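# Only the shape, not the letters, is given here:
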């Protein structure tokens, strides 16, 4: 029996009829909602699996998971603290951003000093602005690292075949010049100093902000700065002076400001001669003195055009502003075309030396005005001449030295051609080597360190190239490329062979390279430096030092002895060729004898005869210069001390040379007699040390005879 046919189901025809009327918009929205819900479920499962199951299940309305509400009470209670993970929080998913805020990624990138960007004005602005940002955050080490890492490849890419001209194209770029000088400034001044300076009120940060975009001022300050200077205080003083300028004066007195800053980074004080009062100078008052008198046209030297290095010898005057104003008003001083005659304006007072009683006025103040009115001795003359020159804006120095007539003082000043006159007031009697005080550092220096400031080579273009090659060498050194540093320093001494700073840096680099440097290069160093400073014998000391340190170990004792002997013979030959003025460098002769003696002392017993001959010859060659003769006696005694036979020879030679060349008193003035009396006391002491009492007694009687003559001069 056939089953009845199934009754037709309504849904089928309905679906067939609606196939063409599907609500696609609703399906799309629904699909999107399902996808979004799925994404949120995935996100929730990734972080908080338990919470996601509970919280997201109700949103799946038609799914079987709706039967899990039984787990809900426990899950909801425990998961409540994690509620912030739900959908609203997911919008903040990209939370790594706070970690990118410190901006170190940008800071780590080196500046690019190559290609078209090198001459892009925007690059110059970026360098200046980035440096100014360091005033806020203090990250000077980072800025210096970025500069060095960018400058190094730019310098390395230049052609070595261009010699001293190899970096010229780079320096034509304002951005490169600023980058090099920012690096120089940060290195010389120091990051810690700059961090401290950035907190120095309003004036100092304002000065630094301006400086960091001025390559010329950065270079001038950094190259004039010396290791002894207090950079923090110097910058503070500079900011004070810069703030004193009117808008019309800004930029006109930059060099004067730098000079004042580097002199007044420590107190400038002195005591006047003849029991006068203690004095102290103030940086701002001194600056205003020169600025005001320049504006009024009263000065001879132009403080707006002189270099900071020259101006430290102006602003370091040991006279008050009142004294200098008196000098400006003095008609005799104002009429001078050259400053040499100022020394002789002071009448020489012999009664100051002999202590004889006179009716002449005695000094009470020690001012320039009083010295001009009543006179004085050499120290008053030198003090007057040097400080009146400085009052008129002329670089000058007070110089002292020892010669055949005892101690003496004279002065040196810079002429209009920028060379230094070192001889005004110097006696032509063995005063070839004087000393002065560096007003910037307050340390004593040889007069020839002053004189070389006027060397024409220092004012030429090649000297500036030498300085910039030295800056490049420092960049290579910081980058660990010692060979490239060596090449730059070699070019630096070729560019300006009388740049002592370049020679010192070159020597230091060779020492760092150590065994990599061949003996031949050290020989060339010594030979070329001696040749470069042929007219500056005291500058040859560095060559002598390097020879002793690096060449002597490769030489035999005889070769070393001959080398030292040649140096001594050359100095004596120069002495014999002296013209109308005695330029003999007795101090260097003394050092040459000491070097030669030290070589022989390595085996005193074997070289006893050579030692005796060396010192005998030295005494005879230099008996005409009492200070050197005294020094040579001490060196001779130390060489023979403890050997009775050698001591006996020493005593005989000492007395023989004295009797033969120094013993006469005929025509001797008071200065010579005092010098001879002092020498006799010294010689007598050596006889006492060597237990020769009889000859010591005879010399004592001679000394007493001279003293009686001196006593008579006092009456």
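Yes, it's here. Being a predicted model, the structure only gives us computed values, none of them experimental. Numbering: from 1, shown residues only.

# How about the contacts made by residue 697?
Neighbour list for residue 697: empty [criterion: C-beta atoms under 8 Å, 6 or more residues apart in numbering]. Heads up, the C-betas are built off the backbone N, CA and C, glycines and all.

# Give the buried residues for the strand or helix carrying it.
Taking DSSP states H and E as the criterion, residue 697 maps to helix 693-713. Residues of helix 693-713 classed as buried by neighbour count (16 or more other C-beta atoms under 10 Å): 695, 696, 699, 702, 703, 706.

# Check stretch 399-412 too.
399-406, 408-412.

# Let me have these in TSV, extended by secondary structure, pLDDT and distance to residue 518.
Formatted as TSV, these follow (DSSP: H, G, I helix; E, B strand; the rest coil; pLDDT from 0 to 100; distance: C-beta to C-beta, whole Å):
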residue	secondary structure	pLDDT	distance to residue 518
399	strand	96	42
400	strand	95	44
401	strand	91	42
402	strand	88	43
403	strand	85	44
404	coil	82	47
405	coil	82	50
406	strand	85	50
408	strand	93	47
409	strand	95	48
410	strand	96	46
411	strand	96	47
412	strand	96	42
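
# Out of those residues, the closest to residue 495 would be?
Among these, residue 412 lies closest to residue 495 (C-beta to C-beta), at 27.8 Å.

# Provide the partner residues of that closest one in its beta bridges.
When assigned by DSSP bridges, residue 412 has beta-bridge partners residue 397.

# what about the helices in the stretch 101-250 of the chain?
104-107, 121-137, 140-156, 168-171, 174-189, 191-197, 203-211, 215-224, 231-242 (DSSP state H, counting those that start in this stretch).

# what would the buried residues of stretch 399-412 look like in TSV with distance to residue 615?
Shown next, in TSV, are those (distance: C-beta to C-beta, whole Å):
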residue	distance to residue 615
399	31
400	28
401	24
402	21
403	22
404	21
405	25
406	25
408	28
409	32
410	32
411	36
412	34
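
# sorry, back to before: of the helices of the stretch 101-250 of the chain, which approaches residue 687 most closely?
helix 215-224 (52.3 Å).

# In the closest one, which residues are buried?
Neighbour-count burial for helix 215-224, with 16+ other C-beta under 10 Å as criterion, is recorded at 215, 217, 218, 219, 220, 221, 222, 223, 224.

# And the first one, how close does it get to residue 124?
I take that to be residue 215. 9 Å (C-beta to C-beta, to the nearest Å).

# Mutual contacts of those two, please.
174, 178.

# Can you give me the end-to-end span of stretch 351-359?
10 Å (C-alpha to C-alpha, to the nearest Å).

# quick one: average confidence on that stretch?
Summarised as a single mean, pLDDT over stretch 351-359 is 85.

# so who does the residue most central in space within the chain touch?
Closest residue to the average C-alpha location of the chain: residue 226 at 3.0 Å, with C-alpha atoms, centre = their mean. Listed by C-beta under 8 Å, 6+ apart, the contact set of residue 226 reads 262, 440, 441.

# in the protein, which spans are strands?
268-271, 278-281, 396-403, 406-414, 420-424, 434-437, 444-446 (DSSP state E).

# Distance to residue 507 for the ones you listed - can I get that in CSV?
Converted to CSV, the strands of the chain look like this (distance: least, C-beta to C-beta, whole Å):
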stretch, distance to residue 507
strand 268-271, 34
strand 278-281, 38
strand 396-403, 28
strand 406-414, 28
strand 420-424, 26
strand 434-437, 24
strand 444-446, 19
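
# Out of these, which is closest to residue 244?
strand 278-281 (15.9 Å).

# Given that closest one, what are its sheet partners and their directions?
Strand pairing for strand 278-281, using DSSP bridges, gives strand 268-271 (antiparallel).

# what residues does the strand it pairs with touch?
Against strand 268-271 from outside (C-beta under 8 Å, 6+ apart): 277, 278, 279, 280, 281, 316, 318, 439.

# If we use 10 Å, what do you get?
260, 276-283, 286, 315-320, 366, 383, 439, 442 (C-beta atoms under 10 Å, 6 or more residues apart in numbering).

# Now do the buried residues in stretch 279-288.
279, 281, 283, 286, 287.

# Next: stretch 611-626.
So for stretch 611-626, counting by 16+ other C-beta under 10 Å, buried means 611-612, 614-616, 618-619, 621-626.

# Now, those that are in helices?
Mapping the buried residues of stretch 611-626 onto helices (DSSP state H) picks out 611, 612, 614, 615, 616, 618, 619, 621, 626.

# which residue packs closest to the second one, ignoring adjacent ones?
Spatially, and ignoring its direct neighbours in sequence, residue 612 is nearest to residue 649 (5.6 Å; C-beta to C-beta, 6 or more residues apart in numbering).

# That neighbour is in contact with residue 615, isn't it?
Yes - counting by C-beta atoms under 10 Å, residue 649 does reach residue 615; the two are 9.3 Å apart.
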